[in-house]
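Q: Return a 3D structure for these sequence lines:
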Amino acid sequence: MYTKVLVNSKTGTRIRRSAMVKLRLSELLKEKGRSAYWLAKETRMAQGVVWNMVSGKTKAIHFETVNRICDALGCEPGDLLEYRKDKKSRDGRT
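A: Numbering: from 1, shown residues only. Predicted structure coming up:
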């Protein structure tokens, strides 16, 4: 999950916002008994790209990528994505 820091130009107050949507790819692979290597081969995606998604380093994902993953794992997009409430904090505190 990534965090974006916003600074109010008038007050200088820093606000941290955490990502609201998380990929559940690591959990799905464990549930299905599959590896990131298998998913890369099955979807014809680069291993580095799949590893970044599995390890939570991906900040965006294309619909075509979601389609490939869902086809390979036999799941729905809702199984792959998890919505989390936006966490806000002032001055770096969560």
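Q: what's the longest helix in the chain?
A: helix 63-73 (DSSP state H).
Q: Following the chain past that helix, name the next helix or strand.
A: On the C-terminal side of helix 63-73, the nearest following helix or strand under DSSP states H and E is helix 77-80.
Q: Strand partners (parallel or antiparallel) of the next helix or strand after that following helix?
A: Downstream of helix 77-80, the next assigned helix or strand under DSSP H and E is strand 81-83. Note on strand 81-83: by DSSP bridges, its sheet partners are strand 21-23 (antiparallel).
Q: Sort out which residues of the strand it pairs with are buried, please.
A: 22-23 (16 or more other CB atoms under 10 Å). All C-beta atoms are positioned from the backbone trio N, CA, C, and that covers glycine.
Q: Output the contacting helices and strands for whichever helix or strand comes after it.
A: Counting by DSSP H and E, the next helix or strand C-terminal to strand 21-23 is helix 25-32. Applying 3 or more CB pairs under 8 Å, 6 or more residues apart in numbering; DSSP states H and E, one finds that helix 25-32 contacts helix 36-43, helix 47-54, helix 63-73, helix 77-80.
Q: Hmm, residue 27 and residue 81 touching each other?
A: No. Using CB atoms under 8 Å, residue 81 makes no contact with residue 27, being 11.5 Å away.
Q: who touches both of these two?
A: Common contact partners of residue 81 and residue 27 (CB atoms under 8 Å, 6 or more residues apart in numbering): none.
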